[in-house]
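**Student:** task: produce atomic coordinates for the following.
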Amino acid sequence: MTADFTNKLHAGSDFPIIEATLLSGEVRTLSTPENGLDWTMVVVYRGQHCPLCTRYLNQLESLREDFANTGVDLIAISGDSKEQLESHMEKLNISFAIAYGLTLEQMKALGLYISDPRSPQETDHPFAEPGLFVVNNEGKVHVVDISNNPFVRPELTALANGLAWIRNPDNNYPIRGMHK
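**Tutor:** Numbers count the residues shown, from 1 in each chain. Below you'll find the model as predicted:
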């Protein structure tokens, strides 16, 4: 039996330059923080077909201010089309940036697991399983979480508290997981 290998994005590596399109038509580089903040959290979600993703994004909104107080900007993205994201917005109550159109090549560059839909009713394209990347002010992956299913994701309150601790200069906390 042969195995296919994926290139996982390692802690401490440069986050790839990936441009994404927001619903407004604005093109934004995923890892570039905005809103006067200096770190970015990139949340990759499966798409509108995933109720767990909808719940996770709405929970993320409830903690948006906690992340901002730590200097962390938020952006979410999926492989959905613009029309699918527009439809999904009816179930989302978020104010952070959200983008669409993540390509297979970009999913692979991020080291994400990729799945095929179970049926045409689920969605009409291969999609990324969840991934979360916190990119520091040097463009390095400071925190990474990649899952192969929607049931395993970072608990957001713990993540917000952890990032506040990491960002506190008194703790001098380095990027972890640097052995390859």
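
**Student:** ok, the residue positioned nearest the centre of the chain - contacts?
**Tutor:** What sits nearest the mean C-alpha location of the chain, by C-alpha atoms, centre = their mean, is Val43, with 1.5 Å. Counting by C-beta atoms under 8 Å, 6 or more residues apart in numbering, Val43 makes contact with 56-57, 60, 74-77, 130-132. (Glycine included, C-beta is placed from N, CA and C.)

**Student:** could you redo the last one with a cut-off of 7 Å?
**Tutor:** Contact partners of Val43, counting by C-beta atoms under 7 Å, 6 or more residues apart in numbering, are 60, 74, 76, 132.

**Student:** possible to save those as JSON lines with pLDDT and neighbour count?
**Tutor:** Below are these laid out as JSON lines (pLDDT from 0 to 100; neighbours: other C-beta atoms under 10 Å):
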{"residue": "Leu60", "pLDDT": "98", "neighbour count": "22"}
{"residue": "Leu74", "pLDDT": "98", "neighbour count": "24"}
{"residue": "Ala76", "pLDDT": "98", "neighbour count": "25"}
{"residue": "Leu132", "pLDDT": "97", "neighbour count": "21"}
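
**Student:** and the residues you listed as TSV, adding secondary structure and distance to Glu138?
**Tutor:** TSV is the format used below for the contacts of Val43 (DSSP: H, G, I helix; E, B strand; the rest coil; distance: C-beta to C-beta, whole Å):
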residue	secondary structure	distance to Glu138
Leu60	helix	24
Leu74	strand	19
Ala76	strand	22
Leu132	strand	19
